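[1] I'll drop the sequence and a predicted model, then ask my questions.
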Amino acid sequence: MGLIVQKYGGTSVGSAERIQRVAERLIAAQKSGQDVVAVISAMAGVTDELIKLAHELSPQPSPREMDALLATGEQGASALVAMAVNALGGKAVSLTGAAAGIVTDGVHTKAKISHISPRQIHELLAEDFIVIVAGFQGQSTQGAITTLGRGGSDLTAIALAAALKADDCQIFTDVDGVHTCDPRVVPDASKIDEIAYDELLEMAGAGSKVMQSRAVEFAKKFGVGFEVRSSLKDRPGTQAKATPANMEDVVVRGVSLERNQAKVTICGVPDRPGCAGVIFSAIAGASLNVDMIVQNASSTGTTDLSFTLHKDDFTLAEKTLMPLVAQIGAEGLSATSNVAKLSVVGIGMRSHAGVASRLFACLGEAGVNIQLISTSEIKIAVVIAEEDLECAARATHAAFGLAGPRRPSSAAAG
């Protein structure tokens, strides 16, 4: 008998009718001869409502209590799915992340999984239960409830699939799979059939909302193949694996978009050892996650250092860095929060020249000004004004010929 791990996102369990559909799917999977473990997200909108309520009561809620609060969303949804399975004649039991054996470090709101001891899951599967696990959460070694960051249910599913040595892992969501760009922005975006971990990891890091980047990283590290597919339609999705067929034939897999970005520039930083270390040590000390980092060449003994981060961290970044400007002898600090990031991604870029020139040319023709540029082996990312993002996305998607219908080895973003 095989073992399958299925994860259902918030829209997949967003109503009683959809929860019942999930329950039917779980029962069908078990009847096909598989042991079934399901990972459930909070019902659509519940997490946002809990966050809103918390901030109405406290301007700066304790991270520990926020974890205790937000974990209830997944726990409630898991219990409802178990109820639905049982009402349909199946046999299910729900578990919190802690009961499922997920042990994390003690960093609240973005904990990392230390290890998983799935003894109770194995015992329940042996008794023919469908095991329903609350996603997004675990328990620290000190016994506190912890959460794994936004999209953490993806990580729960991938980590459980690795720990249980599952034969299959399916990530059910409200989209058909991974697309060449966000279909809400580019209507002719096409679905990809297969994608490499590295490509999906770059896309997730570049703004694709289909998968949490930490979950993809975990899947790559432990070799967990998985499929992203729709819970609302019965059709194949996107298979993520180490080496998809013909992966170098397609130069650019897709265009990823990330809104709600901020850009911080420290101007006139003295060009001497240690200055960057002081800056980024302060950023790390404030638990700020930085994305792109760009430093220009020094010609006058000083340099400008720019980086991007999420708009929600904008105020804290300014507060943290302003005292350092005088300390390191820099000239000043400028910051703006109305920027966005556009990235083109593809393993084929490793062996094909001209991607950068085509990207910059198409953005120039569309009248889009580039503020920052960052590259990796398989990605080129640019920071632009947020108001230009949709125009830039459509121009880039067309310039690289990503519109469907096209060959199966297409690409993705969100």
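    Structure received. Numbering: from 1, shown residues only.

[2] is the residue lying closest to N296 once chain neighbours are set aside in a helix, a strand, or coil?
    Residue nearest to N296 in three dimensions, not counting chain neighbours: D304, with 5.1 Å by CB to CB, 6 or more residues apart in numbering. All C-beta spots, glycine's among them, are computed from the backbone N, C-alpha and C. Classification of D304 using DSSP: H, G, I helix; E, B strand; the rest coil returns strand.

[3] state the pLDDT value of D304.
    Note on D304: pLDDT of 91.

[4] distance check, it against K311.
    Distance, D304 to K311, by CB to CB, to the nearest Å: 21 Å.

[5] A395 sits in which helix or strand?
    helix 389-399 (DSSP states H and E).

[6] mean confidence score for the longest helix seen in the chain?
    As assigned by DSSP state H, the longest helix anywhere in the chain is helix 63-87. Averaged across helix 63-87, pLDDT comes to 98.

[7] flag every buried residue along that helix.
    For helix 63-87, burial by neighbour count (16 or more other CB atoms under 10 Å) applies to 66-82, 84-85.

[8] report the strands that pair with the helix or strand encompassing L3, each with its relative direction.
    Assigned by DSSP H and E, L3 belongs to strand 2-8. Neighbouring strands of strand 2-8 in its sheet, by DSSP bridges, are strand 34-40 (parallel), strand 168-173 (parallel).

[9] could these be laid out in a markdown table, adding mean neighbour count, mean pLDDT and distance to S58?
    Shown next, in a markdown table, are the strands paired with strand 2-8 (neighbours: other CB atoms under 10 Å; pLDDT from 0 to 100; distance: least, CB to CB, whole Å):
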| stretch | mean neighbour count | mean pLDDT | distance to S58 |
| --- | --- | --- | --- |
| strand 34-40 | 27 | 98 | 28 |
| strand 168-173 | 23 | 95 | 32 |
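
[10] dump these into TSV; add distance to S343 as well.
    Formatted as TSV, these follow (distance: least, CB to CB, whole Å):
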stretch	distance to S343
strand 34-40	28
strand 168-173	21
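
[11] of those, give the one that comes closest to E386.
    Nearest of the strands paired with strand 2-8 to E386, taken as CB to CB: strand 168-173 at 25.1 Å.

[12] ok now that closest one, how far from the chain's centre?
    Centroid displacement of strand 168-173 relative to its chain, using CA atoms, centre = their mean, to the nearest Å, is 15 Å.

[13] same check, this time on stretch 356-369
    Mean C-alpha position of stretch 356-369 versus that of the full chain (CA atoms, centre = their mean) differs by 27 Å.

[14] can you give me the helices in the stretch 1-150 of the chain?
    16-31, 46-57, 63-87, 119-126 (DSSP state H, counting those that start in this stretch).

[15] list the helices and strands the last one packs on?
    In other words, helix 119-126. strand 34-40, strand 92-95, strand 130-134, helix 152-164 (3 or more CB pairs under 8 Å, 6 or more residues apart in numbering; DSSP states H and E).

[16] can I see the domain layout of the protein?
    2-174, 255-399 (automatic domain parsing).

[17] and the ones you listed, which one's lowest on average pLDDT?
    domain 255-399 (a mean of 91).

[18] need the longest strand for this protein.
    Using DSSP state E to define each element, the chain has its longest strand at strand 254-270.

[19] after it, next one along is what?
    Counting by DSSP H and E, the next helix or strand C-terminal to strand 254-270 is helix 275-285.

[20] which residues touch the helix or strand following that next one?
    Sequence order places strand 290-295 as the next helix or strand after helix 275-285, per DSSP H and E. Here strand 290-295 makes contact (CB atoms under 8 Å, 6 or more residues apart in numbering) with 205, 261, 276, 280, 283, 303-309, 341, 372-374, 381, 383.

[21] and L80, how far is that from Y8?
    Counting by CB to CB, the gap from L80 to Y8 is 11 Å.

[22] let me fix that: G45
    Taking CB to CB, one finds G45 at 15 Å from Y8.

[23] likewise M43?
    Distance, M43 to Y8, by CB to CB: 10 Å.

[24] of those two, which one has the most company?
    Comparing M43 with Y8 by neighbour count (other CB atoms under 10 Å), the higher total belongs to Y8, at 29 against 22.

[25] which residue, other than its chain neighbours, is closest to the more buried one?
    F172 (4.8 Å).

[26] give the contact list for that neighbour.
    Q6, K7, Y8, G9, S12, V22, R229, S230, S231.

[27] right, and the last one touches A23 too?
    No: S231 is not in contact with A23 according to CB atoms under 8 Å; the separation is 11.7 Å.

[28] got a quick PyMOL command for the buried subset of the contacts of strand 290-295?
    Of the contacts of strand 290-295, the buried ones go into a single PyMOL selection, burial set by 16+ other CB under 10 Å:
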select buried, resi 205+261+276+283+303+304+305+306+307+308+309+341+372+374+381+383
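
[29] T147 - nearest residue in space that isn't next to it in sequence?
    Leaving aside its sequence neighbours, T147 sits nearest to D67 (CB to CB, 6+ apart; 4.7 Å).

[30] ok, the one you found touching T146?
    Yes: at 5.4 Å, D67 and T146 qualify as touching, with contact defined as CB under 8 Å.

[31] list residues touching both of the two?
    H108, A111, Q137.

[32] and the second one, how many neighbours?
    Summarising burial for A111: neighbours were counted as other CB under 10 Å, giving 26.

[33] that one against S140, yeah?
    Yes: when contacts are counted by CB under 8 Å, A111 is listed as touching S140 (7.0 Å).

[34] overlap in contacts, those two.
    T104, D105, T146.

[35] in strands only, show me the shared contacts of D67 and T146.
    Q137.

[36] quick one: contacts of the one helix or strand S374 maps to?
    Here S374 sits within strand 372-376, counting by DSSP H and E. Here strand 372-376 makes contact (CB under 8 Å, 6+ apart) with E202, K263, M292, I293, V294, S306, T308, A356, I380, A381, V382, V383.
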